[in-house]
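A.B. asks: model the structure of this input:
(chains A and B)
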Amino acid sequence: GAGVSQSPSNKVTEKGKDVELRCDPISGHTALYWYRQSLGQGLEFLIYFQGNSAPDKSGLPSDRFSAERTGGSVSTLTIQRTQQEDSAVYLCASSLAGTPSSGNTIYFGEGSWLTVV
Amino acid sequence: AQSVTQPDIHITVSEGASLELRCNYSYGATPYLFWYVQSPGQGLQLLLKYFSGDTLVQGIKGFEAEFKRSQSSFNLRKPSVHWSDAAEYFCAVGHTGGFKTIFGAGTRLFVKA
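C.D. replies: Numbers count the residues shown, from 1 in each chain, chains lettered A, B, ... in the order given. Below you'll find the model as predicted:
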C-alpha cells in the first residue's frame, strides 16, 4: 500500500482481555518495527522483524506481549491479559531493508490507540 | 547505552519567530541522528537525518539541524515558524548495525499568533 497501515485505529478493552493489533507495512519493506508511545513519553522500542524473523525482541515489556510476522508482510502484536498500564499508542513502522543506519528511512503508521479499562 | 535527551517538554514561540529545539545524545561512536515530527492525529514523519559528512543538514519544511560532536548535540532549527509547525518533535539516535532507533521523550511546540 501507499503507507504503513495499522488496525484498529482505536481499541478499548477490559482489563484481562487479549488484544491483537495489526500492521500492514509498505509493500516491499522487509524491515518492520513496533514501538509503544505512552502519554508524555517518548517512543519505546518493542520488537524488530527482518523478514519473518525477529532478531531483536528485547523491548517486549513482559511475556504477555508477543508478535509475529507472516509472509514477510503483515505483523500482529498480541497483548494477553491486558493491564491498565498497557494503555498507549502502538506504532508500527517499516523500512526497505536492514537497519536505520544503512540509510533507510523508517516510515511510521498512524498507530493503534489502546485503552484498557 | 544509547540515550537521547530532549530537555524541553514544551516550547511556545510566536509565529514568524525563530525556533531551536534541543537534543543531546549519549553514544560511544558516531551516531546516526534523526528528527521526526508528529502532528495531532498523524503518524511520525521524518524531518531530516544525519549519517556523515556535512554537520549541517537540511530537511523538509524549512528545518535544519546541526550535529556538534563536542557537545553531543543535534539541535533542530527553523528561522521563521509557521502556525502549521505546531506539533511534537522527536529526536532519535541509531547506530551502525543496530536495529533500534532510540527516541527522546519529545518536545511539544506551541505557536502563538
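
A.B. asks: can you list the residues of chain A near chain B?
C.D. replies: Neighbours of chain B within chain A, by C-beta under 8 Å from any C-beta of the partner chain: A:3-4, A:33, A:35, A:40-43, A:45, A:48, A:50, A:55-56, A:59, A:91, A:93, A:99-101, A:103, A:105-111. The C-beta positions use only the backbone N, C-alpha and C, and glycine is treated the same way.

A.B. asks: nearest residue to the residue nearest in space to the middle of chain A other than its sequence neighbours?
C.D. replies: Nearest to the geometric centre of chain A sits A:Trp34, at 3.0 Å (C-alpha atoms, centre = their mean). Nearest residue to A:Trp34 in three dimensions, chain neighbours excluded: A:Leu46, at 4.1 Å (C-beta to C-beta, 6 or more residues apart in numbering or on different chains).

A.B. asks: contacts only, for that neighbour.
C.D. replies: A:Tyr33, A:Trp34, A:Tyr35, A:Arg36, A:Gly59, A:Leu60, A:Pro61, A:Phe65, A:Ala67, A:Leu77, A:Tyr90 (C-beta atoms under 8 Å, 6 or more residues apart in numbering or on different chains).

A.B. asks: how about the last one, what does it touch?
C.D. replies: Under the criterion of C-beta under 8 Å, 6+ apart, the contact list for A:Tyr90 reads A:Gln6, A:Leu21, A:Trp34, A:Tyr35, A:Arg36, A:Gln37, A:Leu46, A:Leu77, A:Gly111, A:Ser112, A:Leu114.

A.B. asks: contacts only, for A:Gly109.
C.D. replies: Applying C-beta under 8 Å, 6+ apart, the residues contacting A:Gly109 are A:Gly3, A:Val4, A:Ser5, A:Gln6, A:Cys23, A:Leu91, A:Cys92, A:Ala93, B:Gly43.
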